[in-house]
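Engineer: below is the sequence, then the predicted model.
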Amino acid sequence: MKIYTLHTIQKLPISLEAAWNFFSNPKNLEIITPDDMAFKTISGDDRDIFPGQILQYTVSPLLGIKMKWVTEITHVVAKSYFVDEQRFGPYALWHHKHFFKEIPGGVEMEDIVDYALPMGIFGRMAHPFLVKPKLDEIFEYRREKLIELFGEFKG
């Protein structure tokens, strides 16, 4: 199984507490996900994240095909990091680490996503044409939406 990594860093002109409060609320994931993905939370978003929390969504990641995605919050250190892992969904592996660090003038957020695709060679063939561009688009949308919500970092 080939494992891919997506790594992003974004700085925002908000406090560490404000960043943590926004990202630790599962309901806000819908706000920072592109509309064309038809992302909707089914269950698990009734409280801020905690280890062992199961979140269920419907999502249309590719070609408008609707599917269920189930993730578990496996690790949480308040105002520092949390990890979500897919339990059921479109990937063979999805392990997403979210890091938060206070910096002069704001907060630095780092995402590291390790993921693998199903369907063996067919998944690997689809990666550069379908999956990687879609993930890049999703994280770029998120970057732009966060700037729209919180402003651009000037530090």
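Structural biologist: Structure received. Numbering: from 1, shown residues only.

Engineer: whichever helix in the chain runs longest - contacts with which helices or strands?
Structural biologist: Across the chain, the longest stretch assigned as helix under DSSP state H is helix 132-150. Packing partners of helix 132-150 (3 or more CB pairs under 8 Å, 6 or more residues apart in numbering; DSSP states H and E): strand 4-12, strand 106-116. (Glycine included, C-beta is placed from N, CA and C.)

Engineer: buried deepest among these, which one?
Structural biologist: For the helices and strands packed on helix 132-150, the largest average neighbour count (mean count of other CB atoms under 10 Å) is found in strand 106-116, namely a mean of 18.

Engineer: contact partners of the helix or strand encompassing residue 99?
Structural biologist: Following DSSP states H and E, one finds residue 99 within strand 93-103. With CB atoms under 8 Å, 6 or more residues apart in numbering as the test, strand 93-103 has contacts from 1, 3, 11, 15-16, 19-20, 23, 71, 79-86, 107-116, 155.

Engineer: can you point out the buried residues in that strand?
Structural biologist: Residues 93-98, 100-101 are the ones in strand 93-103 that count as buried (16 or more other CB atoms under 10 Å).
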